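> test case, fold it:
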Amino acid sequence: MKTTAIICVFNEEATIRNVVIKVADYFFDEVIVINDGSRDKTDEILKEINKFYDFKYIVLPDNKGKGYAMATGIENANSEIIVFIDADLSNLTEEHFSQLLTPVFNKEADMVLGLPSETLINYSVNPFKSLTGERVLLRNDILTIIDKMKNSRFGVEILINLYYQSEGKTVKYVLLKGLKHPIKFEKVSKQQAVKEFLKAGHQIALTAFRNFDLITSSVRKKLK
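Numbering: from 1, shown residues only. Got it, this is the predicted structure:
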């Protein structure tokens, strides 16, 4: 099966170059980068490296939110397998891609969630580990909720998770050793980080509320 890597980026000038180059160097059949209305040097950097590396570059003039950007990437993908990679990662390696893809290739899971090991958060006790941005899934499985994704913004991960649970699909976690994903407090000021956390939390809660039917469906499946 063919694979498409999708990178959604918003104001990540410090890391986007290395992430895109590492992804473009791997054996993905297609790479799509969605610039979600960045206002820093992200666009300049991507246009420069697009001259030397083969990837489809899509620019959204205004910031539409992570959910809209991910949905746009899926709509423009031509492969059966979709791989989402965050734009603010460090220490990304080919081994990480292999870890993410192998369970889907071997039909061991319908969706794989990758957990960076280099973080201040201990994923073994973190209740929010399912909100990781590193994930692999089948394109046909996710098409049903494309429209909902576009309106979910930072709630997109919980939307996808709820949908997969409601459908009884198999999800597998893999620890991506050495991969670093910064938290908000490492990227922006404390005041801005708190503001963004509250905003994201509101969007996640709103998405869960709007998709309460998926929650009830998941509970029914667990009780059977």
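
> so Val31 sits in a strand?
Yes: according to DSSP: H, G, I helix; E, B strand; the rest coil, the state of Val31 is that of a strand.

> for beta bridges, what are the partners of it?
Note on Val31: beta-bridge partners by DSSP bridges are Ala5.

> please name the nearest non-neighbouring residue to the residue nearest the centre of the chain.
For the chain, Gly133 is the residue whose C-alpha lies nearest the centre (C-alpha atoms, centre = their mean; 3.3 Å). Using C-beta to C-beta, 6 or more residues apart in numbering and skipping the chain neighbours, the partner closest in space to Gly133 is Asp86 (3.9 Å). C-betas here are computed from N, CA, C, even on glycine.

> my read: that neighbour touches Glu134, true?
Yes: with contact defined as C-beta atoms under 8 Å, Asp86 and Glu134 form a contacting pair (6.4 Å).

> quick one on the thing from earlier: could you give the bridge partners of the residue nearest to Gly133?
Beta-bridge partners of Asp86, counted by DSSP bridges, are Cys8.

> relative to Asn211, how far out is it?
Asp86 sits 23 Å away from Asn211, going by C-beta to C-beta, to the nearest Å.

> what's the answer for Gln99, then?
29 Å.

> same check, this time on Asp147
Relative to Asn211, Asp147 is positioned 12 Å away (criterion: C-beta to C-beta).

> so those two - more neighbours on which side?
Neighbour count, other C-beta atoms under 10 Å: between Asp147 and Asn211, Asn211 has more, with 20 against 10.

> disregarding flanking residues, what is the spatial nearest neighbour of the more buried one?
Taking C-beta to C-beta, 6+ apart as the measure, Asn211 lies nearest to Leu162, with 5.6 Å between them; neighbours along the chain are not counted.

> now Tyr26
Beyond its immediate neighbours in the sequence, the residue positioned closest to Tyr26 (C-beta to C-beta, 6+ apart) is Phe97, lying 5.3 Å away.

> what does Ile81 give?
If you skip the residues right next to it in sequence, Ile81 has Thr3 as its closest partner in space, 4.5 Å away by C-beta to C-beta, 6+ apart.

> for that neighbour, what are phi and psi?
Listed backbone geometry of Thr3 is phi -130, psi 140, with angles given as degrees, to the nearest 10.

> that one and Phe28 touch, don't they?
Yes: assessed by C-beta under 8 Å, Thr3 is found in contact with Phe28 at 5.1 Å.

> quick check: neighbours shared by those two?
Val83 (C-beta atoms under 8 Å, 6 or more residues apart in numbering).
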